[in-house]
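K.L.:
Task: produce atomic coordinates for the following.
(one chain, ligands or ions: 2)
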Amino acid sequence: MNCCFPLLRGRHAGEGDDGVHRVKVFSCNELRKATQNFSEANKIGEGGFGSVYRGMLKDGTFVAAKVLSATSRQGIGEFLTELTAISDIKHENLVTLIGCCAEGNHRILVYNYLENNSLQQTLLGSRYSSIQFNWEARVKIAIGVARGLAFLHEEIRPHIIHRDIKASNILLDKDLTPKISDFGLARLLPPNATHVSTRVAGTLGYLAPEYAIRGQVTKKSDIYGYGVLLLEIVCGRCNTNTRLPREDQFLLEKTWALYEEGHLEEVIDADIDDDLDVEEACKFLKIGLLCTQDAMARRPHMSTVFRMLTGHKNVSMEKITKPAMITDFADLKISSKPPGPNETTRSSTSRSFTTTTEMTEPFSSSDTPTQSSM
Ligand SMILES: Nc1ncnc2c1ncn2[C@@H]1O[C@H](COP(=O)(O)OP(=O)(O)OP(=O)(O)O)[C@@H](O)[C@H]1O
Ligand SMILES: [Mg+2]
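P.N.:
Ligands and ions are numbered 1, 2, ... in the order given. Okay, here's the model as predicted:
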């Protein structure tokens, strides 16, 4: 049985006439039926928040049910308040939250099911994917993600910093329209938990150095993640692949080296069909390099990135500086323990990072960190 939880909203535009917003609440039973008792066969993924199951509701709608593993300390009222705020946020390039379940210790988020899975599994995955990512599709994905992120950063109030921009959080619908997932979830976690998982080395490849080392969470750390993602979209490979020869392992490092040599086109995915526009692809790579500069202040805002991608603003490389990146994150550990005497502490959350990471460039950022708004 469904019920609705009416709440006064105060977060962003799109309010109903009565000023009251409702988040649809499913019973656990209903979701059990929809997912065939959360069967292994219906499990479509697992991330830092918990497991995700495909399900079909009674009315035939397909959903993705994300069973949260670390939220039980949050009361039901508080949980529903946070979710009402998130479910209010609607945009073509954001995944829609359609409801939730909060019974006892169970906390489940129910999203629209996206047919074509994530960019991680389709464009970058090692498993066979039948999707052909021609140049037109890649342009649409790159621009769509930039639009969605610009919306979160600059249009809604309060702004939202995503904190975990990466290929597995970019889902694709049947027309390959990209949808950013997992925005606004930081407040659902207990204060000492982290959803930035170290299980997948690739996750760290998206983390801006100031975020990975000092824990500074700003819009500019999202922009760094977007820059890495943009390079991946153009090059059709993961940011890090330790099976490749040393000089090819880190996509950002390789792209920068080719940029300096004046041979940027060499890094473009060779699998792109005849519709490849080399000039536009090189422009996108340059935008990716602008987004991943060491100094946070030099990275462009998302709305500027969007205008550069769509040709409404020139891409100026005059003052570009070398990207800073982590070249050895084997020993980078995210933990909730207090740091030891030689360890670096996060400044904006309770997480701490210990590291023996080598940097290609010393950190020299002038941006002041801000709190994530969610
Ligand atoms: N709405 C959805 N529709 C279709 N598949 C989804 C949906 N949401 C998640 N998935 C699938 O489930 C996988 C796991 O998602 P989840 O967000 O839990 O983990 P993640 O994105 O890999 O890591 P993180 O927890 O850091 O976000 C995704 O990679 C995607 O393949
Ligand atoms: Mg995710």
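K.L.:
Pull up the residues of this protein that are close to ligand 2.
P.N.:
By CB under 5 Å from the ion, the part of the chain that sits against ligand 2 consists of 47, 169, 182. C-beta here means a position set from N, CA and C on the backbone, and glycine is covered the same way.
K.L.:
any chance of those in a markdown table, with distance to ligand 1, pLDDT and secondary structure too?
P.N.:
Shown next, in a markdown table, are the residues of the chain next to ligand 2 (distance: CB to the nearest ligand atom, whole Å; pLDDT from 0 to 100; DSSP: H, G, I helix; E, B strand; the rest coil):
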| residue | distance to ligand 1 | pLDDT | secondary structure |
| --- | --- | --- | --- |
| Gly47 | 2 | 83 | strand |
| Asn169 | 5 | 95 | helix |
| Asp182 | 5 | 90 | coil |
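K.L.:
most surrounded residue in these?
P.N.:
Asn169 (24 neighbours; other CB atoms under 10 Å).
K.L.:
Pull out the CA atoms of stretch 78-85 and give them to me as PDB.
P.N.:
The C-alpha atoms that make up stretch 78-85 are tabulated as PDB, following Å, rounded to 0.1, in the frame of the first residue of the first chain:
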ATOM      1  CA  GLU A  78      14.400  13.500   9.000                       C
ATOM      2  CA  PHE A  79      15.000  10.900   6.300                       C
ATOM      3  CA  LEU A  80      11.700  11.800   4.600                       C
ATOM      4  CA  THR A  81      12.500  15.500   4.900                       C
ATOM      5  CA  GLU A  82      15.800  15.100   3.100                       C
ATOM      6  CA  LEU A  83      14.100  13.000   0.400                       C
ATOM      7  CA  THR A  84      11.300  15.400  -0.200                       C
ATOM      8  CA  ALA A  85      14.000  18.000  -1.000                       C
END
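K.L.:
Would you mark the buried spots in that stretch?
P.N.:
79-85 (16 or more other CB atoms under 10 Å).
K.L.:
Could you check how many residues crowd around Gly50?
P.N.:
18.
K.L.:
how close does it get to His106?
P.N.:
Per CB to CB, to the nearest Å, Gly50 is found 11 Å from His106.
K.L.:
What of Leu290?
P.N.:
44 Å.
K.L.:
Need the residue closest to the centroid of the chain.
P.N.:
With distances taken as CA atoms, centre = their mean, Ile165 lies nearest the centre of the chain, 2.2 Å away.
K.L.:
I'd guessed it sits against Gly205; true?
P.N.:
No. Under the criterion of CB atoms under 8 Å, Ile165 lies out of contact with Gly205, with a separation of 11.5 Å.
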